[in-house]
Structures are given as C-alpha cells and as structure tokens.
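A.B. asks: got a predicted model here, sequence first, then my questions.
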Amino acid sequence: MRTITLFEHQMRPYKELGWNLVHPLLAQIEQVNKVTGVELVQLRHRYLKATQFVGVIRLPSVTLQILPKIDHDGDAEAALESRPYHTAVQSATRNLLHLLSYTQDIEIHEQDAAPLLARKSDWFEILTRLFAVNLHREMKRGVERAYVRKEESLGVIKGRWQLERQLTQRPHVKHIFDVIYDEFSPDTPLNRVFQFVVEHLLLRTQDRQNQRLLRDLRQWLSEVSKLGRISHADLEAVSFTRLNKRFRPCFNLGRLFIENRAFQLSVGVHHTFAFVFDMNRLFEEFVYRFIERHKRRVLPNSWHDLSITAKAWDRTVYLAQEIPGGQPMFRLIP
C-alpha cells in the first residue's frame, strides 16, 4: 500500500499525487472527515492540505500520514519519494515518537524503532510493532495471573456454597450448587485490555511481522474473556503491583490506541480508519511533561519547588485577586 506523508498545514497539489478532481480517494477522505466530526485533511480545489491533526488516515488503497512540522532533518517541501523528503519523514516520525514517550508514559527503545524507521513504515505500524514486541517479550516471561472471584452453578460444591441464594432462587434444584470461589486465572482486567487491543490491531495492521507477533499474543490470551468494547471503567479497573508492573508500559501504549479511538473511527470497513492527535494539545502536554520531569535541570534553583500544572482546559484561572474581598481578576487563557 502506498503511503503519502504530509506535514502539519502542508499543501500538496493533486497533480503531484497523481490524482484529479474526481479521484475516488477524495470522496473517501471527505467521508473520514464527516465520521470523525473534524476536518482532518482539507480538500481544496487544486490541492490537499493537512491541518493541525497528526497521525494516520488509512484508506483502502492509500495511507495518509501527517507528521509534526517541528525541528526535523531533511526537506519536507522536497518532491515526494526524494531522498531529502524521506529524511524529513524519518526524522519527524522519530520526533513524534519522542513526544508520545513523554505525554503517554511510553517506553520507546531505539533498537525496536530503528528497523521500522529504516523500512519507511507509517507510524501507526511503528506503534503497533512497539506494542506487539514489548508485550510479546513480557508474556514470554509469563502471562499475568491473579485470583479472580467467580460465581457459578456447578454439580459439585467448590469454594463457598451460597445456600441462602440457592434456597431463595431455586430451592427445588437438588443436583446444582450455587458457589463462589477464587481461581488463579489469566482472566484479569489487565489481560482483558490486552486481548481487546490485540484483536483490533490484527484487523488493521498490514505488516506481516506485526501480524505474526499479534497472533502469538492472541494464542497466549485465549483463556481471557473477550470484551466487545472497552469503557473507562475497564481501564480504571487495572491495577499494578510489584508482580505485574513490568506490563505497565505495554498497558500505556494499549491505552493510547483505545483513548485516541483508533478502533472506533472506522468508516465502512476495518481497513479504513483514522488514528490522529491534535498537535496543538499534544505539544502543550509535551512541554508540561518535559518541564515537570526536568525542572531541576531547566529552571532556576529558586524555582525547583514550584508546582507545575498543565493548561486548565476545564478550569477558569486568574492572574490575581483583589484585596480586600478576594475577587479574582485578569482571567488567563494561556
């Protein structure tokens, strides 16, 4: 499949892409914009224009990749498929992964990403590979298991017999027992999230190595309950201890796929979808996380104990208070 890469707010004439005004891909892009509810890519009279959304738009025959315009090597305005263009694409992809490593608390190892960058994979496939490789590595050490509370009706008494419940609901049944017991099982909240992500990535990846790794993972998670959808409560139900904390980076990456709606923004068929970030918010989050993590290196000594918070998307913030009375003054919109 052909991958066309644009940079934020960049324009590419249809003629350069080999398209015309009635090319079917234009209708498909318009449909993706309609389903997502935002204009991910603008369709002008003679050219295609990227917006502030970076990520991947997968169409049946073409993948559109939009990358950050910030600080990259090469020449983003060079002709498609030229060496300076590919250098810019590779450098910008590396930068985007670096941003995500801060904003999403994801561990990205250079030895895992470098081969994919060299192969010119789009960055959705790169994220899929990072998820699959790291989870594959951890599950080879052992699938997470924990004691899971189960309530069942069995032909034998196992665990605690719920006698009161049975007498209330079906006192006439003599050969079935309502029991509750704890089972040491891989069917944990964490593995249910992994199983959901693995199944949906298998529907979307086109990389054979990714498919092989994900099939291994699906086999190892075959005893885990399948969820039709993942809710916020399912993600919050996952807890980490010293026994399973090695899975946290994989969980963070899986959560990234889920919360950015990579699986929900589908149009008609599984291989048409959008996985994008608003670069304005992503960069602000990166700046906040960077300063918070490195404040003792980048801020003056007298500021080391300063409390740093992210931009208040849902709060009203003021610069000062009137004295006396405490009336807030000078509303801030950072």
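C.D. replies: Alright, I've got the coordinates.

A.B. asks: can you give me the strands in the stretch 1-150 of the chain?
C.D. replies: In the stretch 1-150 of the chain, the strands defined using DSSP state E, counting those that start in this stretch lie at 2-7, 11-13, 41-43, 47-50, 53-58, 62-67, 146-154.

A.B. asks: what strands line up against the first one, and which way round?
C.D. replies: Sheet neighbours of strand 2-7, with direction, are listed as strand 62-67 (parallel) (DSSP bridges).

A.B. asks: mind listing residues that contact the partner strand?
C.D. replies: The contact list for strand 62-67 (Cβ atoms under 8 Å, 6 or more residues apart in numbering) reads 1-8, 25, 29, 40-41, 50-51, 53-58, 89, 92-93, 96, 122-124, 276. The C-beta positions use only the backbone N, C-alpha and C, and glycine is treated the same way.

A.B. asks: one step back: for the strands of the stretch 1-150 of the chain, which one sits closest to Q321?
C.D. replies: strand 53-58 (38.2 Å; Cβ to Cβ).

A.B. asks: which strands or helices does that closest one pack on?
C.D. replies: For strand 53-58, the packing partners by 3 or more Cβ pairs under 8 Å, 6 or more residues apart in numbering; DSSP states H and E come out as strand 62-67, helix 123-140, strand 269-278, helix 279-298.

A.B. asks: helices and strands of the protein: which one bottoms out on pLDDT?
C.D. replies: When each helix and strand of the chain is scored by mean pLDDT, DSSP states H and E, strand 266-267 comes last, with a mean of 51.

A.B. asks: ChimeraX command to pick out the buried ones of the contacts of strand 62-67?
C.D. replies: Filtering these down to the buried ones (16 or more other Cβ atoms under 10 Å) takes a single ChimeraX command:
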select :3,4,5,6,7,8,25,29,40,41,50,51,53,54,55,56,57,58,89,92,93,96,122,123,124,276
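
A.B. asks: and the helices and strands packed on strand 53-58 as TSV, adding mean pLDDT and distance to I323?
C.D. replies: TSV is the format used below for these (pLDDT from 0 to 100; distance: least, Cβ to Cβ, whole Å):
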stretch	mean pLDDT	distance to I323
strand 62-67	92	49
helix 123-140	91	51
strand 269-278	76	39
helix 279-298	89	30
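
A.B. asks: distance to R315 added to those, as a markdown table?
C.D. replies: Compiled in a markdown table, the helices and strands packed on strand 53-58 are given as follows (distance: least, Cβ to Cβ, whole Å):
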| stretch | distance to R315 |
| --- | --- |
| strand 62-67 | 30 |
| helix 123-140 | 31 |
| strand 269-278 | 19 |
| helix 279-298 | 14 |
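
A.B. asks: of the ones you listed, which is nearest A76?
C.D. replies: Among these, strand 62-67 sits nearest to A76 (Cβ to Cβ), with 8.2 Å.

A.B. asks: quick one on the thing from earlier: turn the strands of the stretch 1-150 of the chain into TSV, columns for distance to L116.
C.D. replies: Compiled in TSV, the strands of the stretch 1-150 of the chain are given as follows (distance: least, Cβ to Cβ, whole Å):
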stretch	distance to L116
strand 2-7	13
strand 11-13	24
strand 41-43	24
strand 47-50	22
strand 53-58	14
strand 62-67	13
strand 146-154	33
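
A.B. asks: closest one to R331 among those strands?
C.D. replies: Of all the strands of the stretch 1-150 of the chain, strand 53-58 comes closest under Cβ to Cβ, at 28.3 Å.

A.B. asks: mind checking how far that closest one is from the chain centre?
C.D. replies: Strand 53-58 sits 12 Å away from the centroid of its parent chain (Cα atoms, centre = their mean, to the nearest Å).

A.B. asks: same thing with stretch 58-70?
C.D. replies: 16 Å.

A.B. asks: could you dump it to PDB, C-alpha only?
C.D. replies: C-alpha atoms of stretch 58-70 as PDB (Å, rounded to 0.1, in the frame of the first residue of the first chain):
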ATOM      1  CA  ARG A  58      -5.800   4.500   6.400                       C
ATOM      2  CA  LEU A  59      -7.800   4.300   3.200                       C
ATOM      3  CA  PRO A  60      -8.400   1.100   1.100                       C
ATOM      4  CA  SER A  61      -5.600   1.800  -1.300                       C
ATOM      5  CA  VAL A  62      -3.500   4.600   0.300                       C
ATOM      6  CA  THR A  63      -2.300   5.600   3.800                       C
ATOM      7  CA  LEU A  64      -2.200   9.300   4.500                       C
ATOM      8  CA  GLN A  65       0.400  10.100   7.200                       C
ATOM      9  CA  ILE A  66       0.500  13.600   8.800                       C
ATOM     10  CA  LEU A  67       3.600  14.400  10.800                       C
ATOM     11  CA  PRO A  68       4.700  17.300  13.100                       C
ATOM     12  CA  LYS A  69       6.400  20.200  11.400                       C
ATOM     13  CA  ILE A  70       8.700  20.800  14.400                       C
END
